[in-house]
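Participant: only the shape, not the letters, is given here:
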């Protein structure tokens, strides 16, 4: 877009929203919430199907982790680029393309002939999901006025929680009745409905001339893939393996290049100016760490119910319902409470509920025969914490950036969430795999199994299916018990580890996030993020906004100049400097009528002698003293005066 074609400055949010009726606004929200729910549903629906997939393809623990992380790595790595694509080419258009890619990739995964094809297909699903998710939040931000946006984000977050929590239930029902491939047929009908509903969604794009930061996208994605690969494969290959060390080196190099590129480019994928707002920074860091508390439970509890307690896929999904219901019910409620209690309250107590309520209970009581009411209570606490955290985080981050950068801000918001979830699964999963392997080796030692069999059993529950049918019947039951107990110990260890990250999230929320919610959207002077005049009085470190004073109002004391104070250098004219042409009057030109005194009119009070002498008051010619005083007064009146309604002139 050329400068001559640059669109006019965006309207205020309320003015923009006034173009749409209330009915259409909520129709738009329904379509956006459904679109992002579809993507989140597929991110967690795999968890219930994973035990069956592991047995079908005889996967190792490393491969099973890649089934989840292949999706999340590509998803998180391309979110920033996808947000910029939406800002430049149109958010609605990008969303619809992403929906098509996501649906086609899902259908392809359903026909996977082996584990590698399935993992690649999951990566393509992540590409489609990355094109969808940033557009939903940026369209919502552009359409809804600030005073209604909190409620809309609450519903949007509730749909996100619905997708995350109901995924295992839907997946379990499909696995039991259709097979593991059935979970990948789900997106097709939902995507069709969302595509039809797109008729109500307006097209929107950034008012700024948006460039695509392709080098930043490439280096950022390489860094993310390399670090996740090193973490997942490091447990199996060893941390000193050449491939693992090389992956860490590639990740570090790509990350350094990414930071250099983002600092130098005119329109970066990750504007560093976002992080000048403390509330944005605090919300993003808190969200990153809270994902460690959430994703560990979401990833391992379906496997616990099926592998350890012997339930069907549908039963394991149903047992996660307390988490789903609490997120659905409390997310809109938390959004309504946010303006009253403030984001600091939410982002401090949500991790406390996560860590103290959910993870502490599960890590303390979880065992092979733990009664469900204890597990259900912990899952309810987990859902409540998520419902408190998501709306507060999303509202805080999106209000801290201008509407024109909503696409990038939405992408950063979702990228932070996905990066946290991806690293959570990689780190916690690798930690659990190491704990499981150690437990299996120690537990099977008294049984005197062959070393090759023990090594295979220690790689994971899925790989154990290769060995269990070959064991002697007398050794089968003790071996299965060791495997289950080692798996439970690995899960509880990861949950204790997750408590640490929940504490970090709460501390960051308390220290960096303000008590009160922003009342207006931040505005910047330019796309690089000059925040010289934020519109919100809540902006940390910014001066209070000024408003024009009514005519005739006194000048505030803070803006008065002491009597006799020198004229500032910026307002002086050099001695002997010529009078500007705009202030010159042609020689011999008549005095303008506005400056004449009517014949016989008395001298105005403003021009009378300050001492009130009769000669001055009567308009007669002043004597020598009066003439000097009149001349002094005239010179004083010609001195430039400071406007009482402007701070800088």
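Facilitator: Cool, got the structure. Here the structure is a predicted model, which is why all the values come from computation and not from measurement.

Participant: what's whichever strand or helix holds residue 150 packed up against?
Facilitator: Using DSSP states H and E, residue 150 sits in helix 146-177. Packing partners of helix 146-177 (3 or more CB pairs under 8 Å, 6 or more residues apart in numbering; DSSP states H and E): helix 13-17, helix 22-57, helix 115-143, helix 278-303, helix 313-318, helix 321-341, helix 372-399. Where you see a C-beta, it was placed from the backbone N, CA and C, and this is true even at glycine.

Participant: list the helices and strands the helix or strand just after it packs on?
Facilitator: Next in sequence after helix 146-177, counting helices and strands by DSSP H and E, comes helix 187-197. On a contact count with 3+ CB pairs under 8 Å, 6+ apart, helix 187-197 meets helix 22-57, helix 91-110.

Participant: average pLDDT for the shortest one?
Facilitator: I take that to be helix 91-110. For helix 91-110, mean pLDDT is 90.

Participant: can you lay out the helices and strands packed on helix 187-197 as a markdown table showing mean neighbour count and distance to residue 401?
Facilitator: Supplementary listing: the helices and strands packed on helix 187-197 in a markdown table, determined by neighbours: other CB atoms under 10 Å; distance: least, CB to CB, whole Å:
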| stretch | mean neighbour count | distance to residue 401 |
| --- | --- | --- |
| helix 22-57 | 22 | 19 |
| helix 91-110 | 21 | 15 |
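
Participant: got CSV for those helices, with distance to residue 248 too?
Facilitator: Converted to CSV, those look like this (distance: least, CB to CB, whole Å):
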stretch, distance to residue 248
helix 22-57, 26
helix 91-110, 30
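
Participant: enumerate every residue touching residue 238.
Facilitator: Shown in contact with residue 238 (CB atoms under 8 Å, 6 or more residues apart in numbering): residue 244.

Participant: that one and residue 244: what is the separation?
Facilitator: 7 Å (CB to CB, to the nearest Å).

Participant: go on, residue 105?
Facilitator: 29 Å.

Participant: then residue 504?
Facilitator: 26 Å.

Participant: what's the answer for residue 103, then?
Facilitator: According to CB to CB, residue 103 stands 36 Å off from residue 244.

Participant: swap in residue 139?
Facilitator: 41 Å.

Participant: of the two, who's got more company?
Facilitator: residue 139 (26 against 20; other CB atoms under 10 Å).

Participant: check contacts around the more buried one.
Facilitator: 28, 32, 91, 92, 95, 201, 202, 204.

Participant: with residue 443 instead?
Facilitator: 482, 485, 486.

Participant: and if we set it to 10 Å?
Facilitator: Applying CB atoms under 10 Å, 6 or more residues apart in numbering, we find residue 443 in contact with 454, 457, 458, 478, 479, 481, 482, 483, 485, 486, 489.

Participant: select from the residues you listed the one having the most neighbours.
Facilitator: Busiest of these [other CB under 10 Å] is residue 457, holding 27 neighbours.

Participant: ok, back up a step: how far off centre is the helix holding residue 150?
Facilitator: 17 Å (CA atoms, centre = their mean, to the nearest Å).

Participant: ok now do the residue nearest in space to the middle of the chain, which residues does it touch?
Facilitator: Centroid check for the chain by CA atoms, centre = their mean gives residue 413 as the closest residue, at 1.5 Å. Residue 413 makes contacts with 79, 83, 133-134, 137-138, 274, 280, 283-284, 287, 393-394, 396-398, 401, 406, as judged by CB under 10 Å, 6+ apart.

Participant: quick one: which of the helices and strands packed on helix 187-197 is nearest residue 228?
Facilitator: helix 22-57 (15.2 Å; CB to CB).

Participant: angle of that closest one against helix 91-110?
Facilitator: 20 degrees (axes from the mean of the first three to the mean of the last three CA atoms, to 10 degrees).

Participant: quick check: mean pLDDT of helix 22-57?
Facilitator: 82.

Participant: run the chain-centre distance for that helix.
Facilitator: With CA atoms, centre = their mean as the basis, the mean position of helix 22-57 lies at 18 Å from the chain mean.

Participant: assign residue 240 to helix, strand or coil.
Facilitator: Following DSSP: H, G, I helix; E, B strand; the rest coil, residue 240 is assigned to coil.

Participant: need the phi and psi values for it.
Facilitator: Per-residue torsions, residue 240: phi -100, psi 0 (degrees, to the nearest 10).

Participant: before we move on, what about residue 515?
Facilitator: phi -70, psi -40.

Participant: separation between it and residue 344?
Facilitator: To residue 344, residue 515 is 5 Å away according to CB to CB.

Participant: what do you get for residue 70?
Facilitator: 37 Å.

Participant: ok, residue 373 - how many residues close by?
Facilitator: For residue 373, using other CB under 10 Å, the count is 8.

Participant: before we move on, the earlier item: more neighbours, residue 515 and residue 344?
Facilitator: residue 344 (21 against 10).

Participant: from memory the more buried one sits against residue 514, does it?
Facilitator: Yes: counting by CB atoms under 10 Å, residue 344 touches residue 514, with 6.2 Å between them.

Participant: what residues are shared contacts of these two?
Facilitator: With CB under 10 Å, 6+ apart, residue 344 and residue 514 have common neighbours 279, 282, 396.

Participant: may I see these arranged in JSON lines, with distance to residue 314, neighbour count and pLDDT as well?
Facilitator: Formatted as JSON lines, the shared contacts of residue 344 and residue 514 follow (distance: CB to CB, whole Å; neighbours: other CB atoms under 10 Å; pLDDT from 0 to 100):
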{"residue": "279", "distance to residue 314": "42", "neighbour count": "26", "pLDDT": "85"}
{"residue": "282", "distance to residue 314": "40", "neighbour count": "27", "pLDDT": "88"}
{"residue": "396", "distance to residue 314": "38", "neighbour count": "30", "pLDDT": "85"}
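
Participant: can you list those in JSON lines and add distance to residue 357?
Facilitator: Formatted as JSON lines, the shared contacts of residue 344 and residue 514 follow (distance: CB to CB, whole Å):
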{"residue": "279", "distance to residue 357": "25"}
{"residue": "282", "distance to residue 357": "22"}
{"residue": "396", "distance to residue 357": "22"}
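
Participant: of the residues you listed, closest to residue 437?
Facilitator: Nearest member of those to residue 437, counting by CB to CB, is residue 282, at 37.6 Å.

Participant: doesn't residue 509 make contact with the closest one?
Facilitator: Yes: with contact defined as CB under 10 Å, residue 282 counts as touching residue 509 (6.1 Å).

Participant: quick check, pLDDT for the residue nearest to residue 289 when sequence neighbours are not counted.
Facilitator: Spatially, and ignoring its direct neighbours in sequence, residue 289 is nearest to residue 505 (4.0 Å; CB to CB, 6 or more residues apart in numbering). On pLDDT, residue 505 comes in at 88.
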